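Student: return a 3D structure for these sequence lines:
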Amino acid sequence: FRQGELFILLLVSLLLPAVISELIHYTAARNSGGFSVQMPLIQLIVPQVMNLKAQLRDSSKDEEDVKAIARLFADMGDSYIELIATGSDESMLIVHALLEVASHPENDIASMTFNFWHDLQIILIERDSYVSLGNEAAIDAEKNRRLQIFRASYESLVSLVSFRVQYPQDYSGLTKEDQKDFKQTRYAVEEPVNHLLPDRVLDQEPWSFASAIIVSGVMRRYVFSCFITGLAVADVLIDAALVLGGEVTLKILYMKLLEALGICGNNESSDWCPAEAALYCIRAISDYVSSTEAEVMPQIMALLPNLTHQPQLLQTVCLTVGAYSKWLDAASSGLSFLPSVIDILVSGMSMSEDPAAAAASAFRNICDDCGKKFCGSLDGLFQIYQRAMTGEGVFKLSAEDSLNLVEALSMVITELPSDQAKKALEALCLPAVTPLQEIINQGPVTLGQKPAREITVHIDRLANIFRYVNHPEAVADAIQRLWPIFKAIFDLRAWDMRTMESLCRACKHAVRTSKRFMGITIGAILEEIQGLYKQHHQPCFLYLSSEVIKIYGSDPSCANYLKILIESLFNHTACLLTKIQDFTSRPDIADDCFLLASRCIRYCPQLLFPSVVFPSLVDCVMIGITVQHREASNSILSFLSDLFDLDKSSQGKHYLSIRDNVIVPRGASLTRILVASLTGALPSSRLEMVTYALVALTRAYGMPALGWAKESVSLIPLSVVTEEERSRFLQALSQAASGPDTKSLTVPFEELAEVCRRNRTVQEIVQGALRPHELNIVTVS
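Tutor: Predicted coordinates:
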């Protein structure tokens, strides 16, 4: 034992962190026997590492040495977290050391502990951590004991990390490019605004987003460090709020805010950064503060109007107001703050682009949550709206951010009685309708030559109005009045995809909201797009039709013109998609066509199956099954699955014989293409959908389908698949035909797919054998 202690001491003295770290990980590994077996070694390691604590603050130490020491403490915390979570006196020494690391001025050192605080929070909060105690009383007692022990640590943590989101002192001296980079990293965690989905959803994970930031020199390191910390500090504060409670955490941060305001006061030239950082943290925990909190939030709201209108500070003030919109609605004192809050947001919209965007987003949140409270104040809201939409005021809103105001007023109008909503909706539409009417009045040449953006900016506002004003009759009346304007744009801009997509989006939301109240207007819309599709082939016409089918497909009074519509659209699409290259070059048409076809199966099978277009639609889908485009492929495979599952639909059962008369003669080729898709013609990411289509086909047609499948797999040479692999695949299909859960049958499908994809040569052999001569199946690439 003494020799072991000397060995650990030697490693520490030589500062061999990698070796010590491995020892720490080894003692915590399950395959080493666990803590009970390794406790003697743990009791050697921990004291020696703890002796390094003083060196964290040693200014003479090299930065890399300090990092190595900090990493040892972080590794200890992460590895021994289950022991630490017991709250023993010995474990609290490690916790205090980790707080020391968290207090280090370097962000990348302090953040090494953040994962520990998160994992500790989970153990302290989750009931699963205490189940071994048995009864509920023992569980509650132990949970409360531990939470009380760690309470002071998390309180200290909140104070230690809150300053790390602070703007740099020399922010105003940075170049515009560096300021932009900092703001991107700082606000990368902003929620995407609903009206921008899906076009501007930030798909990337935070790390991949950070890797795309282009900065240089020292600023690269600084900005990236701030980005990591900005994201991580918000998470740490949430961890603290879960342990301490949102109200306790809020109180700590409020004291930080008061301290910061004592420093900067209301002097615009003084340092606003600490106050802004405190508000940033207060905003981060908004979801964990009770909407009826009555001690701290009223004081914060009372402070906000008095803060200096420095742009970055005002931006965070606006975001904080938006984050606490539910509190403003529910709290007993919330109503009294709404006038001052609106004044703050108006100031934000008048300041510059970033505060304006934050203010518009907050305005939307407040109108969403406090809509009923604003019903008596519509005149004031409409004044703000008019100034923003017409550009008469000093507002700095972009066209996209202005949609937040459109949505905000739409949500308030939704809360109005029906008799008042119609008039308010007319006023809401007016700033968008007037410029469109002016463009049309200038004549067809002007309308045809206008840049798309000058038209779509107004149509997009109308689309959001139709989406968020939940008064079906009022919206139906509005779209009827606006139809002459929409028709003029349809007629003269049908060649312009961007304008057509915007216009179809507006019609889609009108249809969804109005439902059966649209009356003759829906007929006029469908007649328009039916004629224009033949000339301009805009995919959005197909998508709009699929939305109409969802609402009106089962309405007998609409059957005649819906039948004419789908026959026209499907006939023309079948003429456009005659070979696989057509699907590849126009996947958007294929995607929307078979989305429409699937919706016809679900909502109006009585129109689709007896139609003369149904056989040609099946021929078309067989040509396109192997298209590589993800969305087009998914729509095609979904259509086939819906087709084969027709007997599951109460309406569809009446048309099984019509379906079978079309599918059975094509069954062998269709199965062959699906087997080819399974074995390499489509990417492996589609295996689940292809497998389901094959299983659905087999369930629908039983023994004939098994015969088609046997014929197809027999074409794959024995040099590629064994007879046993073929048999397992066919056996799984046979079992699927009897109807058990398909998940238990997928292994043979995956085996066949894997063996046929094992290399390019094999894949080409398989695809060459399975490719039907009469169809243009895609070549393996």
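Student: measure residue 20 to residue 682 for me?
Tutor: Going from residue 20 to residue 682 by Cβ to Cβ, to the nearest Å gives 51 Å. All C-beta atoms are positioned from the backbone trio N, CA, C, and that covers glycine.
Student: residue 369 now?
Tutor: The gap separating residue 369 from residue 682 is 46 Å, by Cβ to Cβ.
Student: cool, residue 86 as well?
Tutor: Relative to residue 682, and taking Cβ to Cβ, residue 86 is found at 53 Å.
Student: related to what we said a few turns ago, more neighbours: residue 369 and residue 682, which one.
Tutor: residue 682 (23 against 20; other Cβ atoms under 10 Å).
Student: mind checking how far the more buried one is from residue 586?
Tutor: Taking Cβ to Cβ, one finds residue 682 at 18 Å from residue 586.
Student: before we move on, what about residue 767?
Tutor: Using Cβ to Cβ, we find residue 767 at a distance of 23 Å from residue 586.
Student: do the same with residue 134
Tutor: In this view, residue 134 and residue 586 are 65 Å apart by Cβ to Cβ.
Student: ok, those two, which is more surrounded?
Tutor: It is residue 586, of residue 134 and residue 586, that has more neighbours when counted by other Cβ under 10 Å, with 19 against 9.
Student: give the contact list for the nearest residue to that one once chain neighbours are set aside.
Tutor: Once flanking residues are discounted, residue 586 sits nearest to residue 576: 6.8 Å by Cβ to Cβ, 6 or more residues apart in numbering. Shown in contact with residue 576 (Cβ atoms under 8 Å, 6 or more residues apart in numbering): 537, 582, 586, 589.
Student: one more: residue 312?
Tutor: Neighbour list for residue 312: 167, 171, 272, 276, 354 [criterion: Cβ under 8 Å, 6+ apart].
Student: check the offset of the one helix or strand it maps to from the chain's centre.
Tutor: Assignment of secondary structure by DSSP states H and E places residue 312 within helix 311-323. For helix 311-323, the separation from the chain centroid amounts to 23 Å (computed by Cα atoms, centre = their mean, to the nearest Å).
Student: for the stretch 101-250 of the chain, which segments count as helices?
Tutor: Secondary structure of the stretch 101-250 of the chain by DSSP state H, counting those that start in this stretch: the helices cover 107-110, 114-125, 136-161, 176-186, 206-211, 217-244, 246-264.
Student: now the longest one: mean pLDDT?
Tutor: Translated: helix 217-244. Helix 217-244 carries an average pLDDT of 64.
Student: got it, and the shortest one?
Tutor: Averaged across helix 107-110, the pLDDT comes to 86.
Student: which other helices and strands contact that helix?
Tutor: Packed against helix 107-110 by the contact rule (3 or more Cβ pairs under 8 Å, 6 or more residues apart in numbering; DSSP states H and E) you find helix 63-79, helix 89-102, helix 217-244.
Student: just put those helices in a markdown table and tack on mean neighbour count and distance to residue 726.
Tutor: Shown next, in a markdown table, are these (neighbours: other Cβ atoms under 10 Å; distance: least, Cβ to Cβ, whole Å):
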| stretch | mean neighbour count | distance to residue 726 |
| --- | --- | --- |
| helix 63-79 | 20 | 50 |
| helix 89-102 | 19 | 59 |
| helix 217-244 | 20 | 52 |
